[in-house]
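Asker: sequence unknown, structure follows:
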């Protein structure tokens with residue numbers, strides 16, 4: 001068996017999220033600075049060990065007031081917890097292009113086991129001879145499980161920010 005080492009291609013990847021605002025619309029955000037490594041046997045995704053980190057200070061929601069609020073102690077507290085991370089613990093192959101990736105997700109020093117659904121797009125050579133792999137990953141977390149508890153009640157009932165956060169990632173990995 002041949003061991004393969006991969007790195008995330010940050011120029012062709014996006015690590016994002018969506019959360020309901022005022023109980024009826026989604027607000028999107030992403031992290032602009034992140035890195036990941038993937039090691040596997042014979043390029044088989046189900047044998048992979050995945051390690052991912054994002055610089056929380058790079059959070060971007062296209063609104064400076066909002067992302068500065070997210071960087072504050074009310075949410076991510078970037079001064080004290082500058083990174084979030086994910087380390088895989090298990091990958092189950094559902095079919096040729098669908099996997100369940102389970103691992104430890106850490107935000108604000110709190111780790112929780114989560115499972116992401118990964119749609120594998122396959123392997124391809126780019127015009128410069130690099131081998132690339134493509135994935136779409138998605139899942140959900142409850143932000144309160146990680147100590148992200150700030151909220152505001154609405155006059156009409158409900159809350160300003162949903163507890164559920166959808167994770168949406170488009171990843172292109174390059175073989176080293």
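Answerer: Perfect, thanks for sending it. Being a predicted model, the structure only gives us computed values, none of them experimental.

Asker: In stretch 44-51, which residues are buried?
Answerer: Buried residues in stretch 44-51, counted by 16 or more other Cβ atoms under 10 Å: 45, 48, 50. All C-beta atoms are positioned from the backbone trio N, CA, C, and that covers glycine.

Asker: and stretch 9-28, how far apart are its ends?
Answerer: 21 Å (Cα to Cα, to the nearest Å).

Asker: Could you do stretch 49-62 as well?
Answerer: Using Cα to Cα, the two ends of stretch 49-62 sit 33 Å apart.

Asker: again with stretch 65-83
Answerer: Stretch 65-83 end-to-end distance (Cα to Cα) = 21 Å.

Asker: Please state the mean pLDDT value computed over it.
Answerer: The average of the pLDDT scores along stretch 65-83 is 95.

Asker: Return the closest of the buried residues of stretch 44-51 with respect to residue 135.
Answerer: residue 45 (8.0 Å; Cβ to Cβ).

Asker: Tell me, how many residues neighbour the nearest residue to the closest one once chain neighbours are set aside?
Answerer: In space, and not counting its chain neighbours, residue 45 is closest to residue 120: 5.6 Å by Cβ to Cβ, 6 or more residues apart in numbering. Residues lying near residue 120 (other Cβ atoms under 10 Å) number 18.

Asker: Equivalent analysis for residue 75, please.
Answerer: 21.

Asker: cool, and residue 114?
Answerer: Residue 114 has 17 nearby residues by other Cβ under 10 Å.

Asker: can you pull the contacts of it?
Answerer: Residues in contact with residue 114, defined by Cβ atoms under 8 Å, 6 or more residues apart in numbering, are 86, 102-103, 105, 139, 141.

Asker: can you rerun that using 10 Å?
Answerer: Listed by Cβ atoms under 10 Å, 6 or more residues apart in numbering, the contact set of residue 114 reads 86, 101-105, 139-142, 145, 167.

Asker: again, but for residue 176
Answerer: Going by Cβ under 10 Å, 6+ apart, residue 176 touches 4-7, 37-39, 130-131.
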